[in-house]
Structures are given as structure tokens and as C-alpha cells.
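Colleague: Give me coordinates for this.
(one chain, ligands or ions: 1)
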Amino acid sequence: MSTGAVGRAHPRLEGREKVTGTARYAVEYPVDGVTYGWAVPATVVRGRITRIDTTDALASPSVLAVVHHGNAPRLAPGPQPELWLLQEPAVHYRGQFVAVVVATSLEAAREGARLVRIDYDAGPHSTVLAADHPGLYKPEHVNPSYPTDTAEGDFDAGYAAAPVRVDATYRTPAYHNNPMEPHATTALWHDGRLLVHDSTQGAVPVQSALAELFELPQESVRVIAEHVGGGFGSKGYAKAAVVLAALAARHVDRPVKLALTRQQLFGPIGYRTPSIQRVRLAADTDGRLTAVCHDAISQTSTVREFAEQIAVYTRSMYAAPHRRTTHRLVRLDVPTPFWMRAPGECPGAYALESAMDELAIAVGVDPVELRIRNDAQVDPDQGEPFTSRNLVACLREGAQRFGWTGRDPTPRARRDGRWLIGTGVAGSSYPARARPSSAAATARPDGTFLVRIDATDIGTGARTALWQVAADALGVPPERVEIRIGDSDLPVAPLAGGSMGTASWSWAVIRACEALRTKLREGASPGTEVSAEADTTDEVGGQPTRPRYAYGAQFVEVRVDADTGEVRVNRSLGVFAAGRVVNPTTARSQLIGGMTMGLSMALHEEGLLDERYGDWVNHDLATYHITGCADVEAVEAYWLDERDDELNPAGVKGIGEIGIVGTAAAVANAVHHATGVRIRDLPIRLDKLIGVSGLA
Ligand code: MOS
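Modeller: Prediction:
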């Protein structure tokens, strides 16, 4: 019996702790005898360390050690080579951490890091992605395990025969994840066991990585991540901070706190790869797609292959008989790219949803209508019906709420003084996956319940959502339920990533609560504590594989200063079909957060790499621009009341990433509508608008 907790707006359970500063983040735990680590980055791009002089650094009485490849504890080669830190003199990219200074104060560690002298032998490097780079190759698959290329029908023939064609190349720069809380760790060794408080999206992946690197049994490593100040994908796996802190703590035999600086986040933690994407669309004179091709180029490092699934979005979004997608990569002397909110879908949707706008104009069909005409209820890629696909309903409801009807498609038709006004639309989709999880539920003699699961709340409200799910599954008011998450000692659960958290965790929570209720019904003795556990591995693994996605439609109004080219977003509005919404308060904040990050991608964010220096030159928040509150004038998120019983017991599709998918295209499409200028390389900066159009 549901108590109606799911679907009800509720503030975050830990909200008060957070705003009063009592919620503890990774380096805020009080620890006896603690020391501080400061990471030292390489200052060459590619080469070898020939000498490390630690004399000056060690002259400070507060500095305990300089840990580097010559003296660091040994690590086993682990699953991710970029974590094999301080093990060899080789430098693979500028900014690679090559030493850690450990001191009794943070200030002394920082000063010590400044005093470490390192000599290098440096060789030539290649750090810039180009469509004609001689190193382009075809990876075996793209993330997480999609085919690299797909082909159906005969794209070339279909394209050549069509009356309407679009052929456009879009570019996106490197984007850097900037969670409020940097990557940070407190590491403690005790009797050969390692305890870390880590800022991560998943305690289990960190636990596994540390166990492999330090050659420990998994149970000898405990990872606690009770509160996490954002991740966006960058904390989806063990990263440098936790490895460096653990190495340093073992070396000095004392607890170590290590937080990366803001500047150190730009590269070593991973970033969204830059991309070059050619999209070709062909249609009949009614705008029905006949041929679609998406060729994506992106980069990886020399350390490990990371193949972002950029063109995968195009495989399942719109129907067409002739289809082709390809991915090519270049290994550059750069840090390994990593996940950033909606990896693949986000950059891919910018290109495809921009090209759809170009097609709408070429064929003279309204861009909302064009998308409706090309909707697919059967997945064009898999050939199977979607479990539910409500893109059309999102487009229709969005058009109505936004006031799209009657829009004059003519560019530069609306003007308000110096401001040119335009509106744009884009579709969104993101896979609705789930992973196996386990959970435990306990009934206490006092009538309260404890639910335990190693889920992670990276700021999304996951803790609160699971508490609501548990209350309904137990059939009791949520006030009687306590939820415990964020600790690898709790029942094993997957990371907060891929918009899979709530779907995966709630599955196990519901099953554990059901098992507990069965036990209670079967007459557990009153006055004793009763517990039940559930593991959903078989159930999740045995799921039918029909394609499943969340969908959305994004509408944007912009104004562009006709004299200066300044772009402001007056309004963004998204309507999403993302299954059941557990908590409207936290769901809304995920969706508008994603849309805001998409606005940031459209207008502001850009990693600027200087080939001579071999690194990004803008690596702080003063020079790498991120949308601030004043840039977001009105943002509205709505959702359909969608029921899809094939997904998972909670009926959720995931909402962490769908909000960013399509936003940048909607902005670019609106800018075109306002100005007549099509920007095909993000971000949409005013110099691009001034130079191209002579707007005034
Ligand atoms: Mo998300 S980029 O899968 O953490």
C-alpha cells in the first residue's frame, strides 16, 4: 500500500545540515594527527623526469615528505592507467601529477610544492584535434560498448537522390567539469586497511580501484562519500586525488587530506572531448527524412582510450530509411577525456538538432512540425518498439506552453530596439537504463525502519528520493523511515551516473522492503529487530531489452544586440517525458540544472588550448566562463505524467542528464532565428556574430 510519499514534493533531508555547514564533505572530517597533501603537476607536455630536487621543500620543518616516482609506495597496474600515479618518470600530458608534498599544514604543503624543482627531458607533442589529423583511427567500439559505426540502407544513394539536403559541420570545444566541491579525499591507513572519505559518485568503483592498485582484498578498503558537492560525471570513477592521498598517507604513515585546487581540475580529472561533427540530412519535400549521416571526430589520450559515443544519439532519434553513423578518434598528448553530463548525447544532440533546424528552413516546414513528422515509435537502430516514447507530446505541450504557435520563421523578423529577438527548439533524449543493486531493510521494535544502500547523493536529492520510495514500499509514513547511504560498508550499489541512480537503487530498495514485509507478515516475533536484504542482479539482468529512453523538447527565446552581438537568453522552457517523478522539488532542480548547464555550453564554456604550451590556457573560473545566475533570466521545466511499467518497479527513467541534451542546439537555433547567422562552432560568442553578420 502506497502512502503517497512518491510523487510528493519534499525538500532534501540533509538540506538543513548543508546550509548550516554541518554536513561533512570529504576533507571536513576531523582526524587526529592529520597531514595535508598538495599535488605537484608536470610542467611539460610529454617527456621524462630526469631529476627531482626536494632540498628546498624539505628544508621546512613542517614538510614531512615529497612523494614521487622515486620513493612512492608501489601500485599494481590498475584498470585505468591514468591512476598509476607517481610510479614512473614518464610524463604523458601537461598537468599530470608527478609528486605530492605532505606537510603538517595546508600552507606548508603548498609552499613546499612551489619549492620542488623538477627537470625534464621533453619531446615534441600534439595536442590539437583536427579533422585532417594524421592520427585519426577507428576505435573498436565507442562508450560504453556501442558499435563504432552503423549503416542501414544506402546512405550515399539516398542522399544523392533527395530533393532537399543539408550538409553541415559543427564543432564543440573541450568542456571542463567544475563541481562546487573539487575532487578531494581524506585517507587513513590502519592495520593494513585503508579508509577514505572521498568526493565521488560511487564508493564501490573507488573501492575496487584502490583494492586493485594497492593489492588489497576489497573488504580492506572502505570508502565513505556521505555528501558530495557535485560531480557531473567527473567523479564517476576513482580519480587522482584519492590515489595521491592514499599513496601519501601510506608513505608518511599518517592520515592525509588532499584536495585538488580549482586550477588542477582543468584536465587531470577528465573533461568533455572537443568534437568535429559532420551531419548530412536528406528529406522529401514534406520534410520526411530519407537519409541521415552523422560522422563524429573526437580525441583521446596516449594513456587510455576514451571513445565518446557522440553519434549514437542520431541512431535512435529520428526515422529514415538510409542511415549511417561513424566515430573516429585521435590519440593526443592530453589528459584522458572523461564523462561530463550526458556524454555522447549532449554534443551529438547539438549537431543533429542544429541540422534539423537547418533542414526545417531548407524545406520550409516549422521545426516543431518537422520533428513530429520524423518521430519514430520503433527504434530505427534496434528495429524494436520503444517501451514508451513521448517526444511528440513533449513538443506539443512545449509549443503550447511556450507560445510557439504563429511564429514567423523569417530570421530577423522581430526586433525590440537594439535587440533582435528569436526563438528556437530542439529535441532531447537520453537512455533510461538501470544496473543491478542490493539493499537492506530493517524493522525496529519501536516501529521505525532503517533502509541501507550504498547509493550516492552528489547533490541531486537521491537520499530524499530513496527515502520516499522506501516509505511507499514499506507502506508507512516517511517519518518512520531512516535511510543510510554513501558508504561501501552498506549493501553494494552502483554509482550515481548515467541517470541510472534512482532507477537502479529504488529497484533494490523496493525489493528489500517487500521482502521485509513478507517476513513481518509471516510472523516475525514482536519486539525483535527484523531485517531483509535484496539483490536485483538476476532481475535486472533478465529484463527484456526493448529500447528505453527519456525524451524532452526544449524551447528558447534569445535576444541579440544588433550592435555588439551580445546574446542573452530571455527564457528557456523544457517539457520532459521521463517516467515517474519521485520528488518534484529535486526533479525540477535536476532538469533546470541541466538546461542551465546547456545554456552555459551554448554561450560561455570553452577550453582554449594553446598548442605551443600543450594545455588549456583558461583554467580557472575567471577565464573559463560558466553561466551565472544573471545569465539565467527564466528557466521553466515541466514533465508529462508518464507511466511506463516495463522499466523498473519505481517506473522512473532518470532525470540527471536529459536536461542538458538539446539545450545548446535550441539556443543556436534561436540565435539563427534572431540574426540569420548560423553558428556551427560553440560557444556562440559575440565576436562570431559581429564578424559574420554586420548585424547593425
Ligand atoms: Mo553522468 S556524466 O553519467 O555522471
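Colleague: for the stretch 451-600 of the chain, what spans make up the strands?
Modeller: Counting by DSSP state E, counting those that start in this stretch, residue ranges of the strands within the stretch 451-600 of the chain are 481-484, 530-535, 549-561, 567-577.
Colleague: To clarify, my last question referred to the stretch 151-300 of the chain.
Modeller: Applying DSSP E, counting those that start in this stretch to the stretch 151-300 of the chain gives strands spanning 164-172, 184-190, 193-198, 221-224, 256-259, 275-283, 289-301.
Colleague: and the longest one, which strands flank it?
Modeller: Put plainly, it is strand 289-301. Paired neighbours of strand 289-301 in the sheet (DSSP bridges): strand 275-283 (antiparallel), strand 322-332 (parallel).
Colleague: ok so, going back, among the strands of the stretch 451-600 of the chain, which comes closest to residue 597?
Modeller: Residue 597 sits nearest to strand 567-577 of all the strands of the stretch 451-600 of the chain, at 11.5 Å, using CB to CB. C-beta coordinates here come from the backbone N, C-alpha and C atoms, glycine included.
Colleague: List, one by one, the residues from the chain near the ligand.
Modeller: 201, 231-233, 236, 339-341, 343, 497-498 (CB under 6 Å from any ligand atom).
Colleague: Quick check: chain neighbours aside, which residue is closest to residue 544?
Modeller: The shortest distance from residue 544 to any residue other than its chain neighbours is 6.9 Å, reached at residue 646 (CB to CB, 6 or more residues apart in numbering).
Colleague: wait, doesn't that neighbour sit right on residue 545?
Modeller: No - in this structure residue 646 lies outside contact range of residue 545 using CB atoms under 8 Å: 10.5 Å.
Colleague: Which one's more surrounded, these two?
Modeller: Shown here are residue 646 and residue 545; by other CB atoms under 10 Å, residue 646 has more neighbours (13 against 7).
Colleague: And the pLDDT for the residue of the stretch 451-600 of the chain found nearest the ligand?
Modeller: Closest residue of the stretch 451-600 of the chain to the ligand, CB to the nearest ligand atom: residue 497 (3.6 Å). At residue 497, the predicted lDDT confidence score is 97.
Colleague: Phi, psi for the one residue in the chain that gets nearest to the ligand please.
Modeller: Among residues of the chain, the one nearest the ligand by CB to the nearest ligand atom turns out to be residue 233. It sits 2.5 Å away. Main-chain torsions, residue 233, degrees, to the nearest 10: phi 110, psi -30.
Colleague: Count the residues that sit near it.
Modeller: Here the neighbour count serves as a burial measure; for residue 233 (other CB under 10 Å) it reads 25.
Colleague: ok, now residue 132?
Modeller: One way to gauge burial is a neighbour count; for residue 132, by other CB under 10 Å, it gives 6.
Colleague: residues contacting it?
Modeller: Residue 132 is in contact with no residue at all, counting by CB atoms under 8 Å, 6 or more residues apart in numbering.
Colleague: That one and residue 297: what is the separation?
Modeller: When CB to CB, to the nearest Å is the yardstick, residue 132 and residue 297 sit 10 Å from each other.
Colleague: picking that back up, make CSV out of the strands paired with strand 289-301 and add mean neighbour count.
Modeller: Shown next, in CSV, are those (neighbours: other CB atoms under 10 Å):
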stretch, mean neighbour count
strand 275-283, 24
strand 322-332, 22
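Colleague: so can I have CSV of those strands showing mean pLDDT?
Modeller: Conversion of those to CSV gives the following (pLDDT from 0 to 100):
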stretch, mean pLDDT
strand 275-283, 98
strand 322-332, 98
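Colleague: To residue 38, which of those strands lies closest?
Modeller: strand 322-332 (27.7 Å).
Colleague: In contact with residue 289, which residues are there?
Modeller: Contacts for residue 289 were tallied using CB under 8 Å, 6+ apart; they are 281-283, 318-320, 359, 374.
Colleague: what's the average pLDDT for stretch 594-607?
Modeller: On average, the pLDDT along stretch 594-607 is 98.
Colleague: my read: the residue of the chain closest to the ligand touches residue 337, true?
Modeller: No - with contacts counted by CB under 8 Å, residue 233 stays clear of residue 337, the gap being 10.5 Å.
Colleague: which residues do the two both contact?
Modeller: The contact sets of residue 233 and residue 337 overlap at residue 270 (CB under 8 Å, 6+ apart).
Colleague: so which helix or strand takes in residue 26?
Modeller: Applying DSSP states H and E as the criterion places residue 26 outside every helix and strand.
Colleague: And it, how close does it get to residue 113?
Modeller: As defined by CB to CB, residue 26 lies at a distance of 20 Å from residue 113.
Colleague: Looking at these two, which is more packed in?
Modeller: The neighbour comparison of residue 26 against residue 113 (other CB under 10 Å) goes to residue 26, with 29 against 20.
Colleague: who's in contact with residue 474?
Modeller: By CB under 8 Å, 6+ apart, the residues touching residue 474 are 441, 449, 481, 513, 516-517.
Colleague: ok so, going back, can you put the residues of the chain next to the ligand in JSON lines and add distance to residue 172?
Modeller: As requested, those are arranged in JSON lines below (distance: CB to CB, whole Å):
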{"residue": "201", "distance to residue 172": "23"}
{"residue": "231", "distance to residue 172": "21"}
{"residue": "232", "distance to residue 172": "16"}
{"residue": "233", "distance to residue 172": "16"}
{"residue": "236", "distance to residue 172": "20"}
{"residue": "339", "distance to residue 172": "15"}
{"residue": "340", "distance to residue 172": "11"}
{"residue": "341", "distance to residue 172": "13"}
{"residue": "343", "distance to residue 172": "12"}
{"residue": "497", "distance to residue 172": "21"}
{"residue": "498", "distance to residue 172": "20"}
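Colleague: Out of these, who's the most crowded?
Modeller: Comparing these by number of neighbours (other CB under 10 Å), residue 231 comes first, having 30 neighbours.
Colleague: And that residue, what's its pLDDT?
Modeller: Looking at residue 231, its pLDDT is 97.
Colleague: Now the phi/psi pair for it, please.
Modeller: Recorded main-chain torsions at residue 231 are phi -150, psi -50, according to degrees, to the nearest 10.
Colleague: how about residue 560, what does it touch?
Modeller: Residues touching residue 560, when contacts are defined by CB under 8 Å, 6+ apart, comprise 419-420, 422, 566-568, 671, 674-675, 689, 695.
Colleague: can you rerun that using 6 Å?
Modeller: Contacts of residue 560 were listed using CB atoms under 6 Å, 6 or more residues apart in numbering, and they are 420, 567, 674-675.
Colleague: Which two of those have the greatest separation?
Modeller: Distances among these were taken as CB to CB; the most separated pair is 420 and 567, at 9.8 Å.
Colleague: before we move on, which element is the spatially most central residue of the chain in?
Modeller: The C-alpha lying nearest the average C-alpha coordinate of the chain belongs to residue 341 (CA atoms, centre = their mean; 2.4 Å). Element membership of residue 341 [criterion: DSSP H and E] is none; it lies in no helix or strand.
Colleague: Surely it and residue 230 touch.
Modeller: No - at 10.3 Å, residue 341 does not count as touching residue 230 under the criterion of CB atoms under 6 Å.
Colleague: Tabulate the contacts of residue 560 (a markdown table), appending distance to residue 178.
Modeller: Supplementary listing: those in a markdown table, determined by distance: CB to CB, whole Å:
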| residue | distance to residue 178 |
| --- | --- |
| 420 | 31 |
| 567 | 21 |
| 674 | 29 |
| 675 | 29 |
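Colleague: List just the nearest of those to residue 94.
Modeller: For the contacts of residue 560, with residue 94 as the reference and CB to CB as the criterion, the closest is residue 567, at 32.3 Å.
Colleague: tell me the pLDDT at the closest one?
Modeller: For residue 567, the model assigns a pLDDT of 97.
Colleague: before we move on, what about residue 692?
Modeller: Among the per-residue scores, residue 692 holds a pLDDT of 49.
Colleague: just residue 3 next, same as before
Modeller: 80.
Colleague: Tell me who's in contact with it.
Modeller: Contact criterion CB under 6 Å, 6+ apart gives 471-472, 477 as the residues in contact with residue 3.
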